[in-house]
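Q: How does the following fold in three dimensions:
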Amino acid sequence: MTRVLAKELIQNLNQPVEVKGWLNNIRAIGKVNFLILRDRSGLIQVVIQDKQEFQKVAHLQPGSILTIRGQALASNAELGVEIVQPSITVEVPIHEVPPVEYYKPEMSNDLEFILDHRPIALRNRKLQAVFVIQASIVHAYRLFMHDTVKAVEYLAPCLIGASSEGGAEFFSVDYFGHTATLAQSSQLYKQIMVGVNERVFALMPFFRAENSNTPRHLTEGKQFEFEMGFFTHWHEVLDIQENCIKFIIKYLKQHCAEEIATLGGSIIKAPEEVRFPRLTFAEAQELFFQRTGVDERHEPDLSPAAERELCRYALEKYQTDLLFVIDWKTAKRPFYAYPKEDQPELTNTFDLLCAGTEITSGGQRRHTYASMLEGILSKGMDPNNFEDYLSIFKYGMPPHAGFGMGLERLTMTILGLKNIREASLFPSDPKRIAGNRIKAHIFFGGENIRNEIIRLLKQQESDYQHLVHNGTTPQGTGIKALILKGKTSKKNFQVNIPSTCKLDMKAVADLVGEKCEFEAPEVIKERFGLIIGGIPPFGHLLNLDTYYDERIRAIGKPIFSCGLPTESIAVPSNDLIKIVQPKFGQFTKVE
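A: As a prediction, the model looks like this:
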């Protein structure tokens, strides 16, 4: 008998069928019991009335491999089809309880716990749907580039001899006694390939040694690359970028409707008939100021809050979630960015914002040898490290432009996920390598944490005082250390504010990218061995992302609990900040 998949059962009603898959869960009701089998196409409900058949699976755990033969019948249940009169063969029995309840529609665990058990958690239907959709994004991109743009795919190296973008945020590798780096992008190679095939594209890994723990950064990911030579106006690359996104969204709606429904039924809005609005960087800053009253018009970059507000504007006025920001400052762009001929302090470059997040950077490149040499030197880099790259400009390169678009960030924004790690199969970040947690030295319990804080202060040769006060708070401006929990991700954060201030939860949500609430005292005690009133502003000792309000900088010598509610530390704020190295933000109100 030929195996039938879950999605094929509807075509085999009232016929004997054989199905294979993983035991997802069992509902034992009494005379009639229900088994849910999972295969690559979906779920299958099996109705078991025979006691002997039920005993074969009654004590098995999810993940057991089963072969089941029976009759396929129409059903009023959610799946629409069920198998009755089953004959069950247990191919691989599993008796160990899985570490995560992946077989449930929703896993209640926080993201960090799910990542700790990623290989098993990926069996959850929602997680599975994310990566089916991601695979379709890749396929749609290739279809669009190959069939519509007529570009040629290339495969670039990941090990290179020098940083591809400049700067210090790259990983060094010992290459037989020589120093190599992991590529931050394939930018240089796609420009080389423009000199070969004019229009080229790729999906390439990138590696960035950026110690960033935000919800939208990874140290390793995949990036869509595109580059084109010859154009009438450099904005033609924006047209291709826009049409590419619209093609991907249309493709997902046609081919991934089931997976989209599993994730809640909605993705970003990118109507085919609506042109993405295009604002200059100066216009974007002015618009943000007019809409919010927050003046960032002299900043060199857009803040996350500005990106979110600009996308709200695009959705309100144009009913699209996407918006281009063009003409960025030369100082904020890579060495190869083409300076505007009439305004050399600006460049012919763009970012594409989507649903509050930047998903693409691109623009026109320098295309003559003299100009490229000038760009390299302007960024303080050594032209000798770019000999192969520079050679293409000696032998003729047309005006060209392109873009890079992160796959994981694109997936996150299309699906409305809260954290980019949800869109990476095995994410790498400063705390993980390919999903595996880097073993941090985490301290548990008030006394252990107090001892470590004092050790760090002594190592820093800081002028501190260790105060014992039997519950009476010492005089002075203190720091309140608060442990919060993301309402969506369930991830813990530590935020620290002056004791004279009140926490602004809305500002915190803008800072961390999701709404938060206070973690329960009993969870804090169980997870960190601390009680309320004894939490120190040393979140890194608890392996937590740690945020300080800007007002803390102005406190000369703050006082704070050091792990026990009856003991405090007073230390110069500069020393405290140097040891903890927190992220700063503005998230308080004066009480």
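
Q: Would you mind listing where the chain has pLDDT under the threshold?
A: Along the chain, the model assigns pLDDT under 70 to residues 162-168, 439-440, 471-476, 591.

Q: roughly how far apart are the residue nearest in space to the middle of it and residue 263?
A: Closest residue to the average C-alpha location of the chain: residue 420 at 1.2 Å, with Cα atoms, centre = their mean. Noted for residue 420: a distance of 16 Å to residue 263, by Cβ to Cβ, to the nearest Å. Glycine gets a C-beta too; all of them are placed from N, C-alpha and C.

Q: how about the nearest residue to residue 220, chain neighbours excluded?
A: residue 428 (4.1 Å; Cβ to Cβ, 6 or more residues apart in numbering).

Q: who touches the one you found in this structure?
A: By Cβ atoms under 8 Å, 6 or more residues apart in numbering, the residues touching residue 428 are 218, 219, 220, 434, 435.

Q: how far away is the second one from residue 156?
A: From residue 219 over to residue 156 the distance is 19 Å, taken as Cβ to Cβ.

Q: what's the answer for the third one, then?
A: Counting by Cβ to Cβ, the gap from residue 220 to residue 156 is 16 Å.

Q: Could you pull up phi and psi at the nearest residue to residue 344 once chain neighbours are set aside?
A: Leaving aside its sequence neighbours, residue 344 sits nearest to residue 330 (Cβ to Cβ, 6+ apart; 6.7 Å). The phi/psi pair for residue 330 (degrees, to the nearest 10) reads phi -60, psi -40.

Q: for residue 89, same thing?
A: Dihedral angles of residue 89 (phi, psi; degrees, to the nearest 10) stand at phi -120, psi 120.

Q: Likewise for residue 191?
A: Here is the backbone geometry of residue 191 (degrees, to the nearest 10): phi -70, psi -40.

Q: ranges for the helices of the stretch 1-150 of the chain?
A: In the stretch 1-150 of the chain, the helices defined using DSSP state H, counting those that start in this stretch lie at 51-57, 111-116, 118-121, 125-143.

Q: Which positions within the third one qualify as buried?
A: Neighbour-count burial for helix 118-121, with 16 or more other Cβ atoms under 10 Å as criterion, is recorded at 118, 121.

Q: how much space between residue 384 and residue 515?
A: From residue 384 across to residue 515, the span is 51 Å (Cβ to Cβ).

Q: And for residue 316?
A: 21 Å.

Q: Between the two, which is the more surrounded one?
A: Neighbour tally, residue 316 and residue 515, criterion other Cβ atoms under 10 Å: the higher count belongs to residue 515, 14 against 9.

Q: Tell me how many other residues crowd the closest residue to residue 45 other than its chain neighbours.
A: Of all residues not flanking residue 45 in the chain, residue 82 sits nearest, at 4.4 Å (Cβ to Cβ, 6+ apart). Each residue near residue 82 was counted by other Cβ under 10 Å, and the total is 20.

Q: now swap in residue 77 and tell me
A: Residue 77 has 11 neighbours, counted by other Cβ under 10 Å.

Q: That one and residue 64: what is the separation?
A: 22 Å.

Q: Could you do residue 311 as well?
A: Distance from residue 311 to residue 64, by Cβ to Cβ: 46 Å.

Q: And for residue 133?
A: Distance of residue 133 to residue 64, given as Cβ to Cβ: 28 Å.

Q: do residue 194 as well
A: Counting by Cβ to Cβ, the gap from residue 194 to residue 64 is 53 Å.

Q: could you pull out the strands for the stretch 151-300 of the chain?
A: 152-153, 159-160, 172-175, 178-182, 199-207, 220-229, 278-280 (DSSP state E, counting those that start in this stretch).

Q: Touching, residue 588 and residue 504? I think so.
A: Yes - the pair residue 588 / residue 504 is scored as a contact, 5.9 Å apart, by Cβ atoms under 8 Å.

Q: Looking at these two, which one has more neighbours?
A: Higher neighbour count among residue 588 and residue 504: residue 588, with 22 against 17, using other Cβ under 10 Å.

Q: wait, what's in contact with residue 288?
A: Neighbour list for residue 288: 294, 296, 302, 305, 306, 309, 310 [criterion: Cβ under 8 Å, 6+ apart].

Q: again, 6 Å this time
A: 306, 309 (Cβ atoms under 6 Å, 6 or more residues apart in numbering).

Q: how far away is residue 386 from residue 496?
A: Taking Cβ to Cβ, one finds residue 386 at 44 Å from residue 496.

Q: for the strand or helix carrying residue 362, the distance to its chain's centre please.
A: Per DSSP states H and E: residue 362 is located in strand 357-365. Once both centres are worked out by Cα atoms, centre = their mean, to the nearest Å, strand 357-365 turns out to sit 18 Å from its chain's centre.

Q: could you give the angle of that strand to strand 220-229?
A: Put simply, strand 357-365 runs at 40 degrees to strand 220-229, going by axes from the mean of the first three to the mean of the last three Cα atoms, to 10 degrees.

Q: Tell me the helix or strand right after strand 357-365.
A: Later in the chain than strand 357-365, the nearest helix or strand by DSSP H and E is helix 369-378.

Q: tell me which residues of that following helix are tucked away?
A: Buried residues in helix 369-378 (16+ other Cβ under 10 Å): 369, 372, 373, 375, 376.

Q: swap in stretch 234-242?
A: Per 16+ other Cβ under 10 Å, stretch 234-242 contains these buried residues: 234, 235, 237, 238, 240, 241, 242.

Q: Can I get the helices of the stretch 1-150 of the chain in TSV including distance to residue 535?
A: Converted to TSV, these look like this (distance: least, Cβ to Cβ, whole Å):
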stretch	distance to residue 535
helix 51-57	47
helix 111-116	19
helix 118-121	30
helix 125-143	33
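
Q: what about these, which gets the closest to residue 211?
A: Closest of the helices of the stretch 1-150 of the chain to residue 211 is helix 111-116, at 17.7 Å (criterion: Cβ to Cβ).

Q: any residues touching the closest one, and which ones?
A: Helix 111-116 has contacts (Cβ under 6 Å, 6+ apart) with 121, 419, 489, 491.
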